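J.: Dropping a prediction and its sequence here:
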Amino acid sequence: MLISELIEKTGWKPVTKNVDLNTEITGVYCGDLLSWVMGNGEPGQAWITVQVHMNIIAVSKLREFSCILIADGANLPEEIAARAEEEEIAVIETGIPVFETAKKMIEAGV
Amino acid sequence: MFYDLHMHSCLSPCAENEMTPNNICNMALIKELDLIALTDHNSTKQLPAFVKAAEATGMKVLCGCEIQTIEEVHILGLFRRLEDTYPFQEWIDMHMPDIPNRTDFFGDQLICDENDQVIGTEDRLLLVSLDVSLEETVDKIHECGGAAVLAHVLDRENSVTNQLGFIPMGLPYDGLEVKTPEQKQRVLDTHPWIRENDTVWLIDSDAHRLIDISEREHEISDKDFSRLWGDRI
């Protein structure tokens, strides 16, 4: 499924602008401990986290995630959104808890 | 100066109740240290008694605090004057969640006077994250005149590398704390953007019991000591 299709099905809005949404989501990874995510995430996965530190951009690049989903009402600071745009990483705020986010993705067919 | 700049008093729930201000200072004397700092979790409330207890011993002390940020990273704020910690405590109070301590599970959080008499308790649990980022915490420590030291940077719990994967580029910390010289080399090997002379390296005990306070093993030069604060007097 493409990021654009996920957005269409869930109604979630990307907080990053002008980032290509025609990237394939191959699976989902959930985690907030960045050392753990760096060691276990796989390319193409959509990454669900509540961590909104600048380091998530580097971790996402390193693991080649398709996009980052910020869950549970956490908000991405503007400077981190700007950096995500520079690195062409789509970041989406779901506004619902991690488990609900994952459920909604399964319902959408990821 | 032989130092130990990371230790917890009986105010930290995880520390032994034997870690009273006078016991800490006297154990540091026995171990022939020249410089110590008290760094309780998310609180500076033991520092007035600590400073007074130290005065009697002639020990050089710093007023410290170990903050847990929203990313669950531990960072030390080291202040040269007790009064610098007052606005810092106000800031902690604004950002700490109000969760009651359960002493049967977490332990006591005792506040002493300079004679080690318990004069109060902290009733909010101190083993929590403040709702501030690592970057905001470094800024606040600097604003209050302190030095910001990333604590036990390679630990598996609450270290910057465990929580955030690596030490963020451009974070204006003043020192990095490791457990061994080998850990220092590992930090340098895994962080090509950090050079050895960029920062002050500390090896502290993180003592929660008297016996764990550092021996006379780790030395800091006067130059490195001053460098911790840079231009912030």
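T.: Yep, it's here.
J.: B:Thr44 is in contact with B:Leu126, correct?
T.: No. Contact between B:Leu126 and B:Thr44 fails when scored by CB atoms under 8 Å: they sit 11.1 Å apart. To be clear about C-beta, it is placed using only N, CA and C from the backbone, and glycine gets the same treatment.
J.: Could you pull up the contacting residues of the residue in chain A positioned nearest to chain B?
T.: Residue of chain A nearest chain B, by CB to the nearest CB: A:Leu34 (3.6 Å). Shown here is A:Leu34, whose contacts under the criterion CB atoms under 8 Å, 6 or more residues apart in numbering or on different chains are A:Gln51, A:His53, A:Asn55, A:Ile56, A:Val59, B:Gln163, B:Leu164, B:Gly165.
J.: From these, which land in helices?
T.: A:Asn55, A:Ile56, A:Val59, B:Gln163, B:Leu164 (DSSP state H).
J.: any bit of stretch B:122-130 sitting next to chain A?
T.: No. Figure legend: stretch B:122-130 not in contact with chain A (CB under 8 Å from any CB of the partner chain); closest approach 11.9 Å.
J.: circling back to that earlier point, wait, which of the contacts of A:Leu34 is closest to B:Ser214?
T.: B:Gln163 (25.1 Å; CB to CB).
J.: neighbouring contacts of the host helix or strand of B:Asp224?
T.: In this structure, B:Asp224 is located in helix B:222-227 according to DSSP states H and E. Residues lying outside helix B:222-227 but in contact with it, judged by CB under 8 Å, 6+ apart, are B:Met1, B:Leu35, B:Asp174, B:Val200.
J.: show me where chain B has helices.
T.: For chain B, applying DSSP H gives helices covering B:21-30, B:47-57, B:85-95, B:103-106, B:134-143, B:160-164, B:181-190, B:222-227.
J.: try chain A
T.: For chain A, the helices defined by DSSP H cover A:3-10, A:34-40, A:55-63, A:78-86, A:98-108.
J.: what packs against the third one?
T.: It refers to helix A:55-63. Here helix A:55-63 touches helix A:34-40, strand A:45-49, helix A:78-86, going by 3 or more CB pairs under 8 Å, 6 or more residues apart in numbering or on different chains; DSSP states H and E.
J.: count of neighbours near the closest residue to chain A within chain B?
T.: Closest contact between chain B and chain A, by CB to the nearest CB, is at B:Gly165 (3.6 Å). Residues lying near B:Gly165 (other CB atoms under 10 Å in any protein chain shown) number 22.
J.: Then A:Glu8?
T.: A:Glu8 - counted by other CB under 10 Å - has 13 other residues nearby.
J.: OK, contacts around it?
T.: Contacts of A:Glu8 (CB under 8 Å, 6+ apart): none.
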